[in-house]
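Visitor: model this:
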Amino acid sequence: MSPDLLLKGAILGLVEGATEFIPVSSTGHLIVVSNWLGLVDERAKTFDVFIQLGAILAIVWLYRARLWRTVVAARHQAASRRFLGNLLLAFLPAAIIGVLTHEWIKVRLFNPTVVAVALVVGGVLILLIERWAPAPKVNDVNEVPARTAFGIGLAQVLALIPGTSRSGATIIGGMLFGLSRRAATEFSFFLAVPTLVAAGLYDLWKNRALLSTADVPVFGVGSVVAFVSAFVVIRWLIRYVATHDFKPFAWYRIAFGAAVLLTAYYGWVEWSHG
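Guide: Numbers count the residues shown, from 1 in each chain. You can find the predicted model right below:
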């Protein structure tokens, strides 16, 4: 395994961990950065999906006590069963539609132009929703109604479009359905666990023929760096949402998406659409 490839894996791991849980689209950033690094084949796409597992481990580690208590208490506590049931309800829409459209999305939508348009559109929507979102009625993830959880799950389906942002769709969707900013953010964190674990393992299984033991070092480096960077970002984000809104992320999305579109239009960067 060449040092150059390991460095590229570390860069992508840093991008994944830094962007997975903020509303700017980790997949979109990975597609753009992978293009910059010249990694555009199917193996590279599988790598981008797989290293999300490293970021998810950061959630599991930070919330390990709470997750364990919830799972153990589910046998005799209605609130814990309701919370786990809500996660399942929110997980199912994207899981079902994702399986049905997986190959089409990877072939047709995994390119910088789609990412850039989705970033800009998503940024505008965040600005609008921040302005007109209803007053929060739910301040704790354990109090989320089942239909609200399902609504957040439907919002997560939009994140199948690269550049939309899974965290952005679920957090902003949660706010639209009456969750407080912190409750929506935490629900998005917990929903990420089944969603991204399923996506990573499914993509790994589908593309197992493309991979070999020689890929283990770069996959390992990318996952470890993703874990560390996600760990830092999650701790920061929980503090941030207590006193700030998501408008800075919206403006960043618009600026970044516009930059990608301009570089493509003027030929400053030769983007691959393979």
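Visitor: three-state assignment of the residue of the chain most remote from its centre?
Guide: Seen from the C-alpha centroid of the chain, the residue lying at the greatest distance (C-alpha atoms, centre = their mean) is His76, 32.2 Å away. Using DSSP: H, G, I helix; E, B strand; the rest coil, the structure places His76 in coil.
Visitor: so for it, what pLDDT did the model give?
Guide: We have a pLDDT of 87 for His76.
Visitor: for the worst-scoring helix or strand of the chain on mean pLDDT, name the packing helices and strands.
Guide: The least trusted helix or strand in the chain, going by mean pLDDT, DSSP states H and E, turns out to be helix 42-50, with a mean of 84. Counting contacts by 3 or more C-beta pairs under 8 Å, 6 or more residues apart in numbering; DSSP states H and E, helix 42-50 packs against helix 3-19, helix 26-37, helix 181-206, helix 216-241. In this view, the C-beta of every residue, glycine as well, is placed from N, C-alpha and C.
Visitor: if you set the cut-off to 7 Å instead, what comes out?
Guide: helix 26-37, helix 181-206, helix 216-241 (3 or more C-beta pairs under 7 Å, 6 or more residues apart in numbering; DSSP states H and E).
Visitor: as TSV, the ones you listed with mean pLDDT would be great.
Guide: Formatted as TSV, the helices and strands packed on helix 42-50 follow (pLDDT from 0 to 100):
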stretch	mean pLDDT
helix 26-37	88
helix 181-206	90
helix 216-241	94
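Visitor: any idea which of those is most buried?
Guide: Most buried of the helices and strands packed on helix 42-50, by mean neighbour count (mean count of other C-beta atoms under 10 Å): helix 26-37, with a mean of 23.
Visitor: summarise which helices and strands it is packed against.
Guide: By 3+ C-beta pairs under 7 Å, 6+ apart, helix 26-37 packs against helix 3-19, helix 42-50, helix 112-132.
Visitor: looking at these, spot the one closest to Ser34.
Guide: helix 42-50 (5.5 Å; C-beta to C-beta).
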